[in-house]
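**Q** Okay, predicted coordinates and the sequence, questions at the end:
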Amino acid sequence: MTRTLVVLLVFGLMTPVLAQRATGDTTYKQPYRPQYHFSTRANWINDPNGLVYYDGEYHLFYQYNPFDSHWGHMTWGHAISRDLVHWQELPPAIAEEGSTMIYSGSCVVDKANTSGFGQAGQTPMVAIYTGAQPDKQSQHIAYSLDKGRTWTKYAGNPVIDLNRKDFRDPKVFWYEPTQNWVMVVLLPTDRKALFYKSTNLKNWVKGGEFTATDTPATVWECPDLVEVPVDGTMERKWVLLLSMGNNAPAGGSGMQYYVGRFNGSTFINESKSGDLRYVDWGKDYYAAITYNNLPRRGNRGAISIGWMNNLQYANDIPTTPFRGTMTLPRELRLAKVQDPMVRYELRQQPIQELKPLLGTSFQWTGTDVAQLNESLASNNLTGDTYCLQLELEADKTGVGVRVKKEEALPGKGEETVIGYDPAKQQLYVDRSRSGQIAFKKEFSGRFTAPLKPQNGRISLQIWVDRSSVEVFGNNGEVTLTNQIFPKPNSRGIEFFGSGLRSVLIRSVEPIWK
């Protein structure tokens, strides 16, 4: 759970707040309301928590303020899905109690009832989270016997207490080789990951530690440790995901990762020192974690969801009555690269379950971009949510697309630009004229990611929602995730540059009914 936000907590009376929430516009039709990304009907959300699959349901818990659209009163919100795409928001799961807020954490399905919480054959779901008091953070557990609908806090909490002010964000998973639970949890300001082991989720024994001197961050948060398949091989490697409270490549918060081995007690980093690996190069990707207990589906990768925001301005984005959005779920895999030594790089792709949302399409191949733009105009594509797939020749002049373009003011109005700079071998997203940008000086900008051509080509997959663009370059070799806040009538699409070779545009249907 983030503690680097500078916030004013608002302790209002419950009845007026609930009345305000009930009478607000919660129809999912607001101008900036995401149409195929998860957001709550109202109020503040941040880090995804407790991602777990159980009995046909994907659970998405998250940091939630039940009373306001700014950070505070941290509680676990709750939503479920049967396909990771369409979500049903449920009542909050684990509530703030007195001076103890419910910070980030994880959830497991205790199939063997190691915790003893199960009763009459009922399998317990166990949540492991940080109980946050003003001067101390410690690790707590709660359990549910009704598929996450109601929760009981463990009477013996906290289960780990170091008497530290900053000690948070436990990720717990079952480690099959040693038949025990493993927790990775952080000392954030020390930039140190601690590893604990347990046979019952109640009693924990400390194992190893991990830190890294090459990180530019001064704070680490929301860790995840997950085993990921390596493309084209039978090999699997462990990936340690860490959220950076600051100094990410686009400025402010972001995420980095290390690749290595895990022996049940500690993570052994195999990434070269100084070879910084960023999960996402955009401005708005934070606190992503992966699902526990996924059903076996061949050699499919891990599935993650992140928070689409930045700590520099999260409290200030111009949305109402909600504030905060989740990213698309992504499948995580690794590529084995010879460069010149063997190294493992993260690859991310939107999950396959999104395909049924894709609707009518526009397709083009050729070299004449002017003709492409004319054809596009005559097809009268007016939707505001769509997916673009582009193939570019990387040796040509700068090439790309302008989306959410304000056509009434050609060359001067709103637009978000996604393009490739062949001289610098950089993919970029420029949102300096993307709509509302003045609410915080850190929001505007042009954000880049290094990307080399593959056989002289660059492929892009761009998911455009009402208030965001998620860009995947060269089959997920790099990603850039950014919020945007354009006018509702800024819907134009315009291509530029001499290197464009093919375009596929498909509408994306809303997930809200």
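**A** The structure has been received and is ready for your questions.
**Q** Could you list the domains of this structure?
**A** Following automatic domain parsing, one gets these domains for the chain: 14-23+41-350, 355-508.
**Q** wait, which of these is closest to Gln35?
**A** Closest of those to Gln35 is domain 355-508, at 4.8 Å (criterion: C-beta to C-beta). For glycine as for every other residue, the C-beta is placed from the backbone atoms N, C-alpha and C.
**Q** Give me the distance between the two termini of that closest one.
**A** Criterion C-alpha to C-alpha, to the nearest Å; first-to-last residue distance in domain 355-508 is 9 Å.
**Q** now swap in stretch 206-221 and tell me
**A** The straight-line separation of the ends of stretch 206-221 (C-alpha to C-alpha) is 19 Å.
**Q** any chance of the domains of the chain in JSON lines, plus mean pLDDT and mean neighbour count?
**A** Shown next, in JSON lines, are the domains of the chain (pLDDT from 0 to 100; neighbours: other C-beta atoms under 10 Å):
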{"stretch": "domain 14-23+41-350", "mean pLDDT": "95", "mean neighbour count": "19"}
{"stretch": "domain 355-508", "mean pLDDT": "93", "mean neighbour count": "18"}
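**Q** Put together a markdown table for those domains, with distance to Pro34 on each row.
**A** Formatted as a markdown table, these follow (distance: least, C-beta to C-beta, whole Å):
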| stretch | distance to Pro34 |
| --- | --- |
| domain 14-23+41-350 | 5 |
| domain 355-508 | 5 |
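**Q** wait, which of the ones you listed is closest to Arg33?
**A** domain 355-508 (6.2 Å).
**Q** The residue nearest to the spatial centre of the chain and Asn379: what is the separation?
**A** Centroid-nearest residue in the chain: Gly306, 1.2 Å away (criterion: C-alpha atoms, centre = their mean). Gly306 sits 34 Å away from Asn379, going by C-beta to C-beta, to the nearest Å.
**Q** Mind telling me what element the residue nearest to the centre of the chain is part of?
**A** strand 302-307 (DSSP states H and E).
**Q** Check which helices and strands the following helix or strand past that strand sits against.
**A** Per DSSP H and E, the first helix or strand lying C-terminal to strand 302-307 is strand 322-323. Strand 322-323 is packed against strand 43-54, with contacts defined by 3 or more C-beta pairs under 8 Å, 6 or more residues apart in numbering; DSSP states H and E.
**Q** angle of the strand it packs on against strand 302-307?
**A** Interaxial angle, strand 43-54 versus strand 302-307 (axes from the mean of the first three to the mean of the last three C-alpha atoms, to 10 degrees): 170 degrees.
**Q** partners of the helix or strand following strand 43-54 in the sheet?
**A** Toward the C-terminus, strand 43-54 is succeeded by strand 57-64 as the next helix or strand (DSSP H and E). Using DSSP bridges, strand 57-64 pairs in its sheet with strand 43-54 (antiparallel), strand 75-81 (antiparallel).
**Q** Quick one: end-to-end length of stretch 114-134, please.
**A** Its start and end residues considered, stretch 114-134 measures 32 Å (C-alpha to C-alpha).
**Q** got it, and stretch 305-314?
**A** 17 Å.
**Q** sorry, back to before: how about the contacts made by the closest residue to the residue nearest to the centre of the chain other than its chain neighbours?
**A** In space, and not counting its chain neighbours, Gly306 is closest to Ala288: 3.2 Å by C-beta to C-beta, 6 or more residues apart in numbering. By C-beta atoms under 8 Å, 6 or more residues apart in numbering, Ala288 lies in contact with 48, 222, 224, 241, 243, 255, 279, 304-307, 327, 330.
**Q** ok, back up a step: which of the strands paired with strand 57-64 sits closest to Gln349?
**A** Closest approach to Gln349 among these is made by strand 43-54 (17.5 Å; C-beta to C-beta).
**Q** Might one say that the residue nearest to the centre of the chain is in contact with Gly324?
**A** No. With contacts counted by C-beta atoms under 8 Å, Gly306 stays clear of Gly324, the gap being 11.6 Å.
**Q** related to what we said a few turns ago, compare the strands paired with strand 57-64 and give me the one nearest Tyr428.
**A** Using C-beta to C-beta as the measure, strand 43-54 is the one of the strands paired with strand 57-64 that comes nearest Tyr428, at 26.6 Å.
**Q** For the closest one, C-alpha coordinates in PDB please.
**A** This file holds the C-alpha atoms of strand 43-54, laid out as PDB (Å, rounded to 0.1, in the frame of the first residue of the first chain):
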ATOM      1  CA  ASN A  43     -14.800   6.700  -4.800                       C
ATOM      2  CA  TRP A  44     -11.000   6.200  -4.700                       C
ATOM      3  CA  ILE A  45      -9.100   3.000  -5.600                       C
ATOM      4  CA  ASN A  46      -5.400   2.200  -5.900                       C
ATOM      5  CA  ASP A  47      -3.300  -0.900  -5.700                       C
ATOM      6  CA  PRO A  48      -4.900  -4.300  -6.800                       C
ATOM      7  CA  ASN A  49      -4.800  -6.700  -3.900                       C
ATOM      8  CA  GLY A  50      -5.400 -10.400  -3.300                       C
ATOM      9  CA  LEU A  51      -5.600 -11.500  -7.000                       C
ATOM     10  CA  VAL A  52      -6.800 -15.100  -6.800                       C
ATOM     11  CA  TYR A  53      -8.900 -17.600  -8.700                       C
ATOM     12  CA  TYR A  54     -11.300 -19.900  -6.900                       C
END
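**Q** roughly how far is it from the heart of the chain?
**A** How far strand 43-54 lies from its chain's middle: 10 Å, per C-alpha atoms, centre = their mean, to the nearest Å.
**Q** can you pull out the strands in the stretch 101-250 of the chain?
**A** Along the stretch 101-250 of the chain, counting by DSSP state E, counting those that start in this stretch, strands occupy 101-109, 125-133, 136-144, 152-153, 160-164, 168-175, 180-187, 192-198, 205-211, 220-229, 236-244.
**Q** orientation of the first one relative to strand 125-133 in degrees?
**A** In this structure, strand 101-109 runs at an angle of 160 degrees to strand 125-133, with the same axes, to 10 degrees as the basis.
**Q** Can you tell me the strand partners of strand 101-109 and which way each runs?
**A** Strand 101-109 is paired, per DSSP bridges, with strand 125-133 (antiparallel).
**Q** Next: the third one.
**A** Strand 136-144 has these partner strands in its sheet, going by DSSP bridges: strand 125-133 (antiparallel), strand 152-153 (antiparallel), strand 160-164 (antiparallel).
**Q** Out of the ones you listed, which gets nearest to Val337?
**A** Closest approach to Val337 among the strands paired with strand 136-144 (C-beta to C-beta): strand 125-133, 34.8 Å.
**Q** Dump the closest one to CSV, keeping only the CA atoms.
**A** C-alpha atoms of strand 125-133 as CSV (Å, rounded to 0.1, in the frame of the first residue of the first chain):
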residue,chain,number,x,y,z
MET,A,125,-9.7,-18.3,1.3
VAL,A,126,-7.0,-16.6,3.4
ALA,A,127,-6.1,-12.9,2.9
ILE,A,128,-2.7,-11.7,4.1
TYR,A,129,-2.5,-7.9,4.3
THR,A,130,-0.7,-5.1,6.1
GLY,A,131,-2.5,-3.6,9.1
ALA,A,132,-1.4,0.0,9.1
GLN,A,133,-1.5,2.2,12.2
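**Q** Let me know the angle separating that strand from strand 192-198.
**A** Relative orientation of strand 125-133 versus strand 192-198 (the same axes, to 10 degrees): 140 degrees.
**Q** Give me the distance from strand 125-133 to the chain's centre.
**A** Per C-alpha atoms, centre = their mean, the centroid offset for strand 125-133 relative to its chain is 20 Å.
**Q** Repeat that for stretch 123-139.
**A** Its chain's C-alpha centre and that of stretch 123-139 lie 21 Å apart, by C-alpha atoms, centre = their mean.
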